[in-house]
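Peer 1: Next come a sequence and a model predicted from it.
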Amino acid sequence: MAVTTRSVAASYASAQERYAEIGVDTEAAMAKLATIPISLHCWQGDDVGGFENTGEGLSGGIAVTGNYPGRARTPEELRADLDQAFSLIPGRHRLNLHAFYGEFGGKKVDRNEIRPEHFQNWIDWARDKGIGMDFNPTCFAHPKAADGFTLSSEDPGIRKFWIEHCMASREIAAEMGKALGSPAVTNVWIPDGYKDTPVDRVSPRQRLADALDEVFAKAYDPKHLLDAVECKLFGIGSESYVVGSHEFYLGYAIKNQKLLCLDAGHFHPTEGIADKLGTVLMYVPEILLHVSRGVRWDSDHVVTLDDALQSIASELVRNQLLERTHIGLDFFDASINRIAAWTIGTRNTLKALLIGLLEPPMLREAELAGDLTSRLAWMEELKSMPWSAVWDRYCETQNVPIGMDWMQDVRSYENAVLVNR
Ligand SMILES: C[C@H](O)[C@H](O)[C@@H](O)C(=O)CO
Ligand SMILES: [Mn+2]
């Protein structure tokens with residue numbers, strides 16, 4: 001039976017009362033949630049393929065597995081799929097685009113030659129939807145990244161090429177931000193690293209720092225462009241050494257007051273990022289999150305409503321960090337319906353934020369009073385509070401499907417559109 005036929009109103013009224021008893025205003029929590037944009041990553045829709053049509057495979061130590069039908073093959077298909085996903089997710093969100101999703105009209109435009117006009121259709125589409133965009137230089141899946149080194153390459157020609165690509169990406173992003181009236185967060189991630197133990201760990205990092213200085217030399221209005229740098233522990237083929245490590249980028253971001261991008265899948269398997277958020281924000285102006293889920297060697301599984309995600313969301317809410325945090329997603333799964341992947345991951349991220357927003361002031365009060373017993377007891381009790389009734393009500397007010405009803409839309413779209421690709 002569809003959830004919409006059940007009484008969302010009655011469950012919500014009861015939940016509202018339960019939360020009011022512990023000092024939580026559910027209407028205020030929903031109003032706040034509606035102001036938080038999540039940046040949906042375009043690359044879940046086509047298995048990180050891009051539209052250059054050069055036949056170049058994915059590289060850079062990231063991998064997509066699965067062969068679910070319906071991968072987007074053109075910008076039009078990808079935009080239609082994103083439209084479908086956005087219609088199933090409550091709130092107003094953003095699109096995060098990689099540089100190799102430009103529209104090149106069948107011409108060979110190399111990465112250092114990309115210009116704002118190659119992204120005009122994306123900008124027009126986002127403007128029509130009233131959403132902002134974020135951007136990324138694409139420093140992988142290219143012959144000049146074939147030996148695993150880009151901005152930190154020993155070869156000055158290779159380094160120059162990727163510096164030019166990153167500079168062009170910033171120019172494009174600044175145009176996007178200007179056109180859409182919201183800064184485009186532009187995230188530099190490079191795959192550079194070694195499979196096995198290096199002798200010289202320092203020189204590549206020095207070259208990367210110098211290259212980044214060149215990339216960021218031109219100043220743009222922060223109303224249009226915000227620069228972020230993304231660290232990583234290891235990738236496939238860079239298991240022993242990654243040039244852009246956490247310590248490297250933390251230092252670079254602090255020194256240059258850039259945004260630090262923390263990807264939840266880029267640390268040791270049991271290392272969460274929640275504890276890093278408030279700490280890093282003591283020293284950098286803002287952060288970018290790549291909400292993801294690491295599973296063994298993979299850093300990019302679809303986000304589930306697990307403890308790691310909840311810790312991130314609660315940390316942001318508890319410490320008033322939302323205003324200085326840009327939340328993006330980063331996962332790619334080709335073994336399931338790709339629109340469902342976006343929908344599941346984004347709805348889970350929003351659910352975690354809602355649960356955080358429904359936390360009562362008594363937790364902090366108990367901690368301040370030294371009553372750590374009550375703090376723990378309440379933290380556990382809150383897990384079984386009726387937050388899902390508030391979530392259903394939120395979906396209803398935002399005119400998106402309630403409960404699992406979104407799956408019917410995904411199936412209809414799959415049968416009408418995806419199976420024909
Ligand atoms: C495609 C993205 O840029 C990429 O996933 C990056 O953000 C990353 O996390 C690499 O591991
Ligand atoms: Mn990432």
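Peer 2: Here it is on my side, so go on. Ligands and ions are numbered 1, 2, ... in the order given.
Peer 1: what sits against the residue in the stretch 51-200 of the chain that ligand 1 sits nearest to?
Peer 2: Nearest residue of the stretch 51-200 of the chain to ligand 1, counting by Cβ to the nearest ligand atom: Trp189, 4.2 Å away. (Each C-beta comes from the backbone N, C-alpha and C, glycine too.) Contacts for Trp189 were tallied using Cβ atoms under 8 Å, 6 or more residues apart in numbering; they are 136, 139, 229-230, 232, 244, 261.
Peer 1: Helices along the stretch 251-400 of the chain, start to end?
Peer 2: Under the criterion DSSP state H, counting those that start in this stretch, the stretch 251-400 of the chain contains helices at 274-280, 307-318, 338-357, 362-368, 372-382, 387-397.
Peer 1: Flag every buried residue along stretch 188-201.
Peer 2: Of all the residues in stretch 188-201, those buried under the rule 16 or more other Cβ atoms under 10 Å are 188-194.
Peer 1: which one of the contacts of Trp189 is nearest Ile355?
Peer 2: Closest approach to Ile355 among these (Cβ to Cβ): Cys261, at 24.1 Å.
Peer 1: ok, now how distant is that closest one from ligand 1?
Peer 2: 7 Å (Cβ to the nearest ligand atom, to the nearest Å).
Peer 1: helix or strand right after whichever strand or helix holds Ala13?
Peer 2: Using DSSP states H and E, Ala13 sits in helix 8-21. Using DSSP H and E, the next helix or strand after helix 8-21 towards the C-terminus is helix 26-33.
Peer 1: Now do that next one: which elements does it pack against?
Peer 2: Under the contact criterion of 3 or more Cβ pairs under 8 Å, 6 or more residues apart in numbering; DSSP states H and E, helix 26-33 touches helix 8-21, helix 338-357, helix 387-397.
Peer 1: The second one to helix 372-382, inter-axis angle?
Peer 2: Helix 338-357 and helix 372-382 are oriented at 140 degrees to each other (axes from the mean of the first three to the mean of the last three Cα atoms, to 10 degrees).
Peer 1: what does the shortest one give?
Peer 2: Relative orientation of helix 387-397 and helix 372-382, computed by the same axes, to 10 degrees: 50 degrees.
Peer 1: So for helix 387-397, what gets flagged as buried?
Peer 2: Using 16+ other Cβ under 10 Å as the test for burial, helix 387-397 gives 387, 389-396.
Peer 1: Same check on stretch 217-237?
Peer 2: 220, 224-235.
Peer 1: what does stretch 81-91 give?
Peer 2: So, applying 16+ other Cβ under 10 Å, buried residues of stretch 81-91: 81-82, 84-86, 88-91.
Peer 1: Name the residues that touch that stretch?
Peer 2: Residues outside stretch 81-91 that contact it (Cβ under 8 Å, 6+ apart): 33-34, 36-38, 40, 42, 45, 72, 93, 95, 129, 131, 338-339, 342-343, 346-347, 350, 394-395, 397-398, 400-401, 406, 409-410, 413.
Peer 1: Swap in 6 Å and give it another go.
Peer 2: Stretch 81-91 is touched from outside by 34, 45, 72, 339, 342-343, 346, 394-395, 398, 400, 406, 409, 413, with contacts defined as Cβ atoms under 6 Å, 6 or more residues apart in numbering.
Peer 1: TSV for those residues, including pLDDT?
Peer 2: Converted to TSV, those look like this (pLDDT from 0 to 100):
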residue	pLDDT
Ala34	98
Gly45	98
Ala72	98
Ile339	98
Trp342	99
Thr343	99
Thr346	99
Tyr394	98
Cys395	98
Gln398	98
Val400	98
Trp406	98
Asp409	98
Tyr413	98
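Peer 1: Can I take it that Ser187 is in a strand?
Peer 2: One correction, residue 187 is Asn, not Ser. Yes: under DSSP: H, G, I helix; E, B strand; the rest coil, Asn187 falls within a strand.
Peer 1: Go ahead and confirm it touches Glu230.
Peer 2: Yes: in terms of Cβ atoms under 6 Å, Asn187 counts as a neighbour of Glu230; the distance is 5.5 Å.
Peer 1: hmm, back to that, quick one, which of the helices of the stretch 251-400 of the chain is packed in tightest?
Peer 2: Neighbour counts (mean count of other Cβ atoms under 10 Å) averaged over each of these peak at helix 338-357, with a mean of 24.
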